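Asks: pasting a predicted model and its sequence here:
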Amino acid sequence: MEHSVPLPMSSPSLGEQACIAPSPLPVTVIPKLQAILGRLIANNRLEKCIAIYVEVRSSNVRASLQALNLDYLEISVSEFNDVQSIEGYIGQWGKHLEFAVKLLFEAEFRLCNDVFERIGLDGWMGCFAKIAAQAGILAFLQFGKTVTESKKDPIKLLKLLDIFASLNKLRLDFNRLFGGAACIGIQNLTRDLIRRVIEGAAEIFWELFVQVELQRQSPPPQDGSVPRLVSFITDYCNKLLGDDYKPILTQVLVIHRSWKHEKFQEKILVSEVLKIIKAVDLNLETWVKTYDDAALSNLFAMNNHWHLYKHLKGTRLGELMGDSWLKEHEQYKEYYSTVFLRESWGKLPGHLSREGLILFSGGRATARDLVKKRLKTFNEAFDEMYKKQSGWVISERDLREKTCQLIVQTVLPVYRSYMQNYGPLVEQDASSSKYAKYTVQGLEQMLLSLFLPREKRYGSFKGMPTSSKFDNGIDLRRTASAVV
């Protein structure tokens, strides 16, 4: 018993976290245990010996694992809303499982072999199987199963791939440690977990395209901003094509297809991602046409074309879509920016006509009346446009600042010149504040404050029930007959 006490040790795989692992038995102890075992066998006390050994060693391993704070392994599906809420636990699970298998169970496996070698392979493997089961390997497998039973959503696909990567990394260790007949229960649970992970990941991946298509029936954001779907899917597909997930996803899809006696080629994965992004493109084309306000429609188009160009250029997904596709979105952004400016703010300077004001040809009083009328018309048009567009959003800071500067350059020089030349005609009037309503600096400040995003504006689309889905705007529990 003195050599069964857990001792602290540092595990590089777990960072700075202090862990506990059983101390190896001194070499001199093994022969003593074997001698004791021989006497017990001679007295028909082998089963009692094994039972005590299993109890002590499994208790020792459990003590080692308790230092890792593994309470999360007991969590049930009903205790969390989605995979994202336990995302951190899944990352810990992979590290903790590796520590348990490579250090704790590996040590017990070798020790069982050393101590009980004389009773045969089946005997000592049976002893090890009991230690592993009682010490906590089943809790690790159950946690993985719990994740597979959670609701479907895109983030779950990434977490399932993380689980598969952890299990695959330990595949040889599992086969060696738990490959015997005595470990059939652990084998079955492990195979069931792998099956659930692969089927769940494949199902979510193949449903992504359909879910993006379903979003087409939903209205776009009322503020003209980039829909959450667009930003989420582009970032998500980039992750799927990245070095961290593409090899794992490919392996999962290869295995899943092999179960159906079908071949899987990498180009199928790439083709599916292309389909998803083209579906996003088609969604945008559809949403642009749903706005009643032409200026808002143009702003929405400008927003999204720039988002796709800016965030995909230089990425794996951008390379997949091609330079011509990216350039097209950049050109469309320029086009819609020009149209937006021309058809909204570009109309304001026209209200400040100088006709009839040259040299006050109609007399000073007449000129004053004309200036009042035109300033009133300008102010009304400005107020209406500003009120309406102050609720609109340009998500990207560079595009927002550039657009505001273009608006300032369109409106301010004309207004400044007009007020310098004709402002004095109304400034002495008792009701001058009705007409000389804005200073040049005040007007500029208002224009430069346009299109700022409001925090937590929408999760995806306005009115979307946040309780039923992630912030990413995709709920894979929906069917083809139900949309967001």
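Replies: Cool, got the structure.

Asks: what comes up buried for stretch 91-102?
Replies: 92-102 (16 or more other CB atoms under 10 Å). To be clear about C-beta, it is placed using only N, CA and C from the backbone, and glycine gets the same treatment.

Asks: likewise stretch 160-180?
Replies: Buried, per 16+ other CB under 10 Å, within stretch 160-180: 160-167, 170, 174, 177-178, 180.

Asks: state the pair within those residues that is farthest apart.
Replies: Spatial extent of those (CB to CB) is set by the pair 161 and 180 at 29.5 Å.

Asks: tell me the first helix or strand C-terminal of the strand or helix carrying residue 59.
Replies: Residue 59 belongs to helix 46-66 when assigned by DSSP states H and E. Downstream of helix 46-66, the first helix or strand assigned by DSSP H and E is helix 87-99.

Asks: neighbouring contacts of that following helix?
Replies: Residues outside helix 87-99 that contact it (CB atoms under 8 Å, 6 or more residues apart in numbering) are 11, 13-14, 19, 65, 68, 70, 72-73, 75, 83, 140, 143-144, 147, 155, 159, 162-163, 165-166, 169-170.

Asks: reformat the buried residues of stretch 91-102 as CSV; add pLDDT and distance to residue 222.
Replies: Shown next, in CSV, are the buried residues of stretch 91-102 (pLDDT from 0 to 100; distance: CB to CB, whole Å):
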residue, pLDDT, distance to residue 222
92, 94, 41
93, 96, 41
94, 96, 42
95, 95, 44
96, 96, 46
97, 97, 47
98, 96, 48
99, 95, 50
100, 96, 51
101, 97, 52
102, 95, 54
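
Asks: closest one of those to residue 401?
Replies: Lowest distance from residue 401 to these (CB to CB) belongs to residue 92, with 41.7 Å.

Asks: where does the protein dip in pLDDT?
Replies: Residue ranges of the chain with pLDDT under 70: 1-46, 356, 358-363, 430, 455-484.

Asks: now do the strands in it.
Replies: The residue ranges that make up the strands of the chain, judged by DSSP state E, are 6-10, 18-22.

Asks: on that earlier part again, buried only: go through the contacts of helix 87-99 for me.
Replies: Using 16+ other CB under 10 Å, the buried ones in those are 11, 19, 65, 68, 70, 72-73, 75, 83, 140, 143-144, 147, 155, 159, 162-163, 165-166, 170.

Asks: neighbours of residue 349, how many?
Replies: 17 (other CB atoms under 10 Å).

Asks: where's the closest residue to it other than its chain neighbours relative to residue 353, distance?
Replies: Leaving out its chain neighbours, the residue that sits closest to residue 349 by CB to CB, 6 or more residues apart in numbering is residue 414, at 4.0 Å. Remark: distance between residue 414 and residue 353 (CB to CB, to the nearest Å) = 10 Å.

Asks: neighbours around the closest residue to residue 135 other than its chain neighbours, how many?
Replies: Leaving aside its sequence neighbours, residue 135 sits nearest to residue 61 (CB to CB, 6+ apart; 3.7 Å). The local packing of residue 61 (other CB under 10 Å) involves 24 other residues.

Asks: just confirm residue 61 contacts residue 136, I think it does.
Replies: Yes - using CB atoms under 8 Å, residue 61 is in contact with residue 136, at 7.0 Å.

Asks: common neighbours of those two, please.
Replies: Contact criterion CB under 8 Å, 6+ apart; no residue bridges residue 61 and residue 136 by contacting each.

Asks: residue 109 touches residue 128, doesn't it?
Replies: Yes - judged on CB under 8 Å, residue 109 makes contact with residue 128 at a distance of 5.4 Å.

Asks: which neighbours do the two share?
Replies: Shared contacts of residue 109 and residue 128 (CB under 8 Å, 6+ apart): residue 177.
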